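*Asks:* Model the structure of this input:
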Amino acid sequence: MTGMTGNPAQGPFKVVELSDVCDTEIEAAVNRLAAEGYRFDTIHFVTPPGSRRPSLSFLFFTRTSGPVER
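*Replies:* Numbering: from 1, shown residues only. Purely as a prediction, here's the structure:
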């Protein structure tokens, strides 16, 4: 899993790439970033030609304020 942060002047964004596209991995990523103060926005799947099973997924998150204090 990898993550990239956008330009803070436009607002904080997070994009997470998952190469293991299964429910438990997606759920773990969403729960982890929600705990960090991000809000889930969308998910996009990459499906190879001739297959119905996605090989990659990209999860998009946004955050309107700073990190959640613990």
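*Asks:* This structure: helices as residue ranges?
*Replies:* Per DSSP state H, the chain carries helices over the ranges 23-35.
*Asks:* For it, give me the ranges with low pLDDT.
*Replies:* 1-11, 65-70 (pLDDT under 70).
*Asks:* so residue 46 sits right up against residue 19, yeah?
*Replies:* No - with contact defined as Cβ atoms under 8 Å, residue 46 does not count as touching residue 19 (9.8 Å). For the C-beta atoms, the positions are set from N, CA and C on the backbone; glycine is no exception.
*Asks:* between the two, what contacts are shared?
*Replies:* Applying Cβ atoms under 8 Å, 6 or more residues apart in numbering, one finds that residue 46 and residue 19 are jointly contacted by 55-56.
*Asks:* Let me know the outermost residue of this structure.
*Replies:* The centre of the chain is farthest from one residue, residue 50, which by Cα atoms, centre = their mean lies 25.5 Å away.
*Asks:* I'd like to know how far it sits from residue 44.
*Replies:* Here the criterion is Cβ to Cβ, to the nearest Å. By it, residue 50 lies 19 Å from residue 44.
*Asks:* same check, this time on residue 15
*Replies:* 10 Å.
*Asks:* more crowded one of the two?
*Replies:* When residue 15 is set against residue 44 and neighbours are counted by other Cβ atoms under 10 Å, the residue ahead is residue 15, at 15 against 11.
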